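K.L.:
predicted model, plus sequence, below.
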Amino acid sequence: MNTDKHGFKKNLLRHETVLFAVLVVEWIFFDAIGHNFGTYDNTCDILRHSCEIGLLALAMTPVILTGGIDLSVGSLLGLCAILFGKFWRDAGMPIPVAAACTIGVGALAGGLNASLIAWLRLPPLIVTLGTFSLFRGLAEAITHGVDTFTDFPASFLFLGQERWFGIPAQALVFIAAVIFFWLLVHRTTFGRSFRAIGFSPEGAHYAGIPVGRRVAMVYVLAGIVSAIAAIIYTARLGQAKADAGTGYELFAITAVVLGGTSIFGGVGSVHGTLLGVAAIAVLHSGIAHALLPGEMAGMLTGVLLILALAGSALPKMISGLRARKSAPRLAKQIP
């Protein structure tokens, strides 16, 4: 009986449970003060506008689980968006071929990060900060800062702007990505190895885990997903330009950490990341529908992140205090 009560309290106080409660409160609050916030159409709009950041956050989850970081995904999204436009418009490729080439570019860009981090053992923060500038600079150089790709065919724009069976068309891609990453992280040996590497790379190596290959895998995967997000972004807006995806890497990292994944690696979940994405998306949409100043979105997102970090640290602090109180006092040594 006591075990059941302990398990119930543990589940009740889990990070994901608290975040879900915050999400429900957010929804109720904005539905009360916002015009047409709780409608089905707006729910579809929230899903449509959060798809790209959601994809980046899903890809960022295994990266952070291994103790790494990828600051380049937003810039890579912008580079892939304008390359997709060039493949289609300037090279005359059909949309499917242009999309395949774009995904190939994303894989190569992710491979660049992977080579520098996994094989040369360079710090992920420094490497991806460098490729963050590199990818955005390439996008600006290719377009000279002014070239924009538009007039995409309606069959392609359907992916980002229309509904299929009543839901946004890109939601199907997002759902497929959610299933893939959930199975990868939670139901495969790869997922267990990501956590082991995040806890202790040296220990994982001595346990027989190919640390370099696993780390390389998550960065290549992040590059591929960034390219897919770029294609969906282009379909949603109907245009591709060099500044696409600006700041998306920060929103993706925020969603992952807000969802309970430790920034130091080893702990986290895909469903927590989904809740983090939803909390940020609902917050931004709610502020817009409540006609509140747009600057509040960034401020409140920061507050949510700080509260989430504090909430995850609080149980450890309480456990430490209890351990100190319960520990027997050491007898003073007689000189």
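P.N.:
Ah, there it is.
K.L.:
center of the chain, which residue is that?
P.N.:
Centroid-nearest residue in the chain, with Cα atoms, centre = their mean: Ala57, separated by 0.9 Å.
K.L.:
hang on, isn't that residue packed against Val256?
P.N.:
Yes: with contact defined as Cβ atoms under 8 Å, Ala57 reaches Val256; the gap is 5.4 Å. Quick note: C-beta positions are derived from backbone N, CA and C, even for glycine.
K.L.:
okay, and the common contacts of the two?
P.N.:
Shared contacts of Ala57 and Val256 (Cβ atoms under 8 Å, 6 or more residues apart in numbering): Thr273, Gly276.
K.L.:
ok, the residue nearest to the centre of the chain - contacts?
P.N.:
Phe251, Ala252, Ile253, Ala255, Val256, Gly259, Thr273, Gly276, Val277.
K.L.:
so the fourth one is in which element?
P.N.:
According to DSSP states H and E, Ala255 maps onto helix 248-258.
K.L.:
mind listing residues that contact that helix?
P.N.:
With Cβ under 8 Å, 6+ apart as the test, helix 248-258 has contacts from 19, 52-54, 56-57, 59-61, 64, 69-75, 77, 132, 229, 263, 268, 273, 275-277, 279-280, 301, 304-305, 308-309.
K.L.:
ok, now with 7 Å
P.N.:
Helix 248-258 is contacted from outside by 52-53, 56-57, 60-61, 64, 71, 73-74, 77, 263, 273, 276-277, 279-280, 301, 304-305, 308, using Cβ atoms under 7 Å, 6 or more residues apart in numbering.
K.L.:
give me the mean pLDDT for it.
P.N.:
In this model, helix 248-258 has a mean pLDDT of 92.
K.L.:
now do the following helix or strand past that helix and helix 248-258, the angle between them.
P.N.:
Heading C-terminal from helix 248-258, the first helix or strand you meet, by DSSP H and E, is helix 270-289. For helix 270-289 against helix 248-258, the angle by axes from the mean of the first three to the mean of the last three Cα atoms, to 10 degrees is 120 degrees.
K.L.:
who touches helix 270-289?
P.N.:
When contacts are defined by Cβ under 7 Å, 6+ apart, helix 270-289 is touched by residues 15-16, 19-20, 22-23, 26-27, 30, 34-37, 42, 46, 50, 53-54, 57-58, 61, 178, 181-182, 185-186, 251, 254-256, 258-261, 294, 296-297, 300-301, 304.
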